[in-house]
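Student: Build the 3D model from these lines:
(chains A, B, C and D)
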Number of protein chains: 2
Amino acid sequence: MDGTVDLAPQELRTLVAVADAGGFSAAAVPLGSTQSAVSHAMRGIERKLGVVLFERGRYGARATPAGARAVAHARRVLRMLEVMVTETRGPGTGAVGGPLRIAAFRSAALHLLPPVLERLTAAHPAIEPTVHVVREIGPGTAGEVAQGRADLGIATIGTGSPIPPELVGDVLLEEPYALVHPAGHPAPRSLPLVDWAENCSSYTRAWWAAQDWIPAASVRAEDDGAVLSMVGSGFGMAIMPRLSLTAAPSSVEVTDLGAERPTRTVGYVTTPELAATAAVRALVRELRAGKK
Amino acid sequence: MDGTVDLAPQELRTLVAVADAGGFSAAAVPLGSTQSAVSHAMRGIERKLGVVLFERGRYGARATPAGARAVAHARRVLRMLEVMVTETRGPGTGAVGGPLRIAAFRSAALHLLPPVLERLTAAHPAIEPTVHVVREIGPGTAGEVAQGRADLGIATIGTGSPIPPELVGDVLLEEPYALVHPAGHPAPRSLPLVDWAENCSSYTRAWWAAQDWIPAASVRAEDDGAVLSMVGSGFGMAIMPRLSLTAAPSSVEVTDLGAERPTRTVGYVTTPELAATAAVRALVRELRAGKK
DNA sequence: CTGCCGCTATGAGGGCGGTTCATGGATCCG
DNA sequence: CGGATCCATGAACCGCCCTCATAGCGGCAG
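Tutor: As a prediction, this is how the structure comes out:
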């Protein structure tokens, strides 16, 4: 039915833009083009591939399963082309540079990455890292990487969320959870437990099961920062990972949970093709250096 | 100096063709194009990248260091585009297919791969594997993979030849060397030692150093198959890895070298971006299944 | 030195593909 | 039903890439 199929970079960009914008008309704007061109291009792409990639309708365009795969691949190919350009220009050894897109959940972005990026940019001034804060729920940071929206993700890794088979990565650290409560409170265990959506309860469930007490009530907050501020205001107590407790205000008190405390595993994830690039490798090196 | 640089697939193919053919005129043939088109295209590519990629002369065209990097990247990007097409069409789960280029050294191609490919093609009839036999000297099979000429390589892995940092891979098996000599020969140790270029002596050097005898003479043969046939004809004896001794004729006798015998490590190597593809993962799974 | 024979470079012209413009068709909404 | 907002489609346009023809360059043989 076909020999060698050529998908031009412009076509790949169209694919991505349509997926991002959710429609042909909307996609034309960031492409600096017109709705008609997008429509023609998409027709051509679908004809070349022999697959329907988007369902069109009154609402716009939604990716079919095949379309979603195509978009994820398109993002990666476009990124590879970018990498090809920067690595062809740069003399290979020595200075590495170019953009580096990092996806991280909130506490990692705030407390784990800064020193790492400090060292990275000191060693390679030409690298331009951007950090994208992503909720670690659903596909999470690994999803961002798999979809080609980020070059590297800082993710929580566990039996419930292993490194996806089409990605590569490694463990960076295993951090303990600790009890945090208002400083000087006479009976912290009587306070309601504050939790937040991102906190994967699977890490702490086993620990709770072994305890001989359960919290009086449970409250939900937006993110770990909000939890910490609520605890600091005396509204409750919480079980939080150490990263979220870095730079905790003096109005809270942190107490270790002992030998049986729950822990969570933090690692990095990257797309296999980017693991080979100089910039990603430099970042991974610095991440590991901070492992200690 | 530039915004977003577009390198069309046709331009990438031109890049690769010139590198392979060693000149613009010669490259035009496989491209089904003309020398002029190649020249124009190359000028455009170099202008876009702002780098000279090939040194031209009356001999043809030789890649500069930047050119070599560009070509290696181009091969990979083209392969990714191919993968994108096949994986967009295929329903993801279930049938995987498409071409799968394997580079292997001789004994692996003859004795390690057949059963693996047997199982692979049985499980996935749509996969079309091709095996490329490569001398495991110099860059070897890993070089083929790094240059984008193969999707996966079977390589010997050791301290002298670790997995290159820009590639990924794993160890498959550690196989012992054994002494092989003409069947029924009264004094095999008096025969000359037959060796071949591909045999990395570093594996056996330590073992020889611990022996209290050295061979009377040393002869070189073309490859391990030739060595085996020479031994079978009574011309000498040899120290060979087990893979090379699979299906050895009855005219030779194999004797184990005991607990202190030398060994070599055999593994696979693949480009990071291909490690994510369904076809490569299926092959790796079968390779590991044969590990036992 | 000169004619010849490999290369690549370059300029002019033509064809094809992608873009635009204008318009039509479908669907939802008030 | 008119309006709004999508996508589809066809014709005209424009630019890019390719081809053809030719020039330039450097050896090599006589």
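Student: Could you report the separation of residue A:27 from residue B:213?
Tutor: 76 Å (Cβ to Cβ, to the nearest Å). C-beta here means a position set from N, CA and C on the backbone, and glycine is covered the same way.
Student: what about the nearest residue to residue A:149 once chain neighbours are set aside, how many neighbours?
Tutor: Residue nearest to residue A:149 in three dimensions, not counting chain neighbours: residue A:75, with 6.7 Å by Cβ to Cβ, 6 or more residues apart in numbering or on different chains. Residue A:75 has 22 neighbours, counted by other Cβ atoms under 10 Å in any protein chain shown.
Student: Can the longest helix along chain A be said to contact DNA strand C?
Tutor: The residue-count maximum for a helix in chain A (DSSP state H) belongs to helix A:65-89. No - shown here: helix A:65-89 not in contact with DNA strand C (Cβ under 7 Å from any atom of the strand), separated by at least 14.8 Å.
Student: Give the buried residues for the helix or strand following that helix.
Tutor: Where DSSP states H and E defines the elements, the next helix or strand beyond helix A:65-89 is strand A:98-104. For strand A:98-104, the neighbour count (16 or more other Cβ atoms under 10 Å in any protein chain shown) marks A:98, A:100-104 as buried.
Student: Make CSV out of those residues and add pLDDT and distance to chain B.
Tutor: CSV is the format used below for those (pLDDT from 0 to 100; distance: Cβ to the nearest Cβ, whole Å):
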residue, pLDDT, distance to chain B
A:98, 82, 12
A:100, 94, 16
A:101, 94, 16
A:102, 96, 18
A:103, 95, 17
A:104, 95, 21
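Student: wait, which of those residues is closest to residue B:63?
Tutor: Ranked by distance to residue B:63 (Cβ to Cβ), the buried residues of strand A:98-104 are led by residue A:98 at 22.0 Å.
Student: which one is the residue in chain A that chain B sits nearest to nearest to, not counting chain neighbours?
Tutor: Per Cβ to the nearest Cβ, residue A:273 is where chain A lies closest to chain B, at 2.9 Å. Take residue A:273 and drop its neighbours on the chain: the residue closest to it by Cβ to Cβ, 6+ apart is residue B:273, 2.9 Å away.
Student: Identify the residues contacting residue A:37.
Tutor: By Cβ atoms under 8 Å, 6 or more residues apart in numbering or on different chains, residue A:37 lies in contact with A:28, A:31.
Student: pretty sure it belongs to a helix, no?
Tutor: Yes - applying DSSP: H, G, I helix; E, B strand; the rest coil, one finds residue A:37 inside a helix.
Student: What distance do you get for it to DNA strand C?
Tutor: Distance check for residue A:37 against DNA strand C: by Cβ to the nearest atom of the strand, to the nearest Å, it reads 4 Å.
Student: circling back: and the average pLDDT for the longest helix of chain A is what?
Tutor: In this model, helix A:65-89 has a mean pLDDT of 91.
Student: Please apply the same query to stretch A:130-145.
Tutor: Taken as a whole, stretch A:130-145 has an average pLDDT of 90.
Student: and that stretch, does that touch chain B?
Tutor: No - judged by Cβ under 8 Å from any Cβ of the partner chain, stretch A:130-145 makes no contact with chain B; its nearest approach is 11.1 Å.
Student: could you dump that stretch to PDB, C-alpha only?
Tutor: What follows is stretch A:130-145, C-alpha atoms only, in PDB (Å, rounded to 0.1, in the frame of the first residue of the first chain):
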ATOM      1  CA  THR A 130      13.000  24.800  32.500                       C
ATOM      2  CA  VAL A 131      11.100  23.100  35.400                       C
ATOM      3  CA  HIS A 132       7.500  22.200  34.900                       C
ATOM      4  CA  VAL A 133       5.600  21.400  38.100                       C
ATOM      5  CA  VAL A 134       3.200  18.500  37.600                       C
ATOM      6  CA  ARG A 135       0.800  16.800  39.900                       C
ATOM      7  CA  GLU A 136       2.100  13.300  40.600                       C
ATOM      8  CA  ILE A 137      -1.300  11.800  40.100                       C
ATOM      9  CA  GLY A 138      -2.500   9.800  37.100                       C
ATOM     10  CA  PRO A 139       0.200   9.600  34.500                       C
ATOM     11  CA  GLY A 140       2.200  12.100  36.600                       C
ATOM     12  CA  THR A 141       5.700  13.300  35.600                       C
ATOM     13  CA  ALA A 142       6.400  10.000  33.800                       C
ATOM     14  CA  GLY A 143       3.400  10.700  31.600                       C
ATOM     15  CA  GLU A 144       4.800  14.100  30.700                       C
ATOM     16  CA  VAL A 145       8.000  12.400  29.600                       C
END
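Student: For the residue in the stretch 101-250 of chain A positioned nearest to DNA strand C, grab the count of nearby residues.
Tutor: Going by Cβ to the nearest atom of the strand, DNA strand C is nearest to residue A:148 of the stretch 101-250 of chain A, at 20.9 Å. Counted by other Cβ under 10 Å, the residues lying close to residue A:148 total 22.
Student: mind listing what it touches?
Tutor: So residue A:148 contacts A:71-76, A:78-79, A:271 (Cβ under 8 Å, 6+ apart).
Student: please redo it, this time with the cut-off set to 10 Å
Tutor: With contact set as Cβ atoms under 10 Å, 6 or more residues apart in numbering or on different chains, residue A:148 has these partners: A:16, A:71-80, A:101, A:271, A:273-274.
Student: Which of the helices or strands spans it?
Tutor: Judged by DSSP H and E, residue A:148 forms part of no helix or strand.
Student: nearest residue to it other than its sequence neighbours?
Tutor: Leaving out its chain neighbours, the residue that sits closest to residue A:148 by Cβ to Cβ, 6+ apart is residue A:75, at 2.6 Å.
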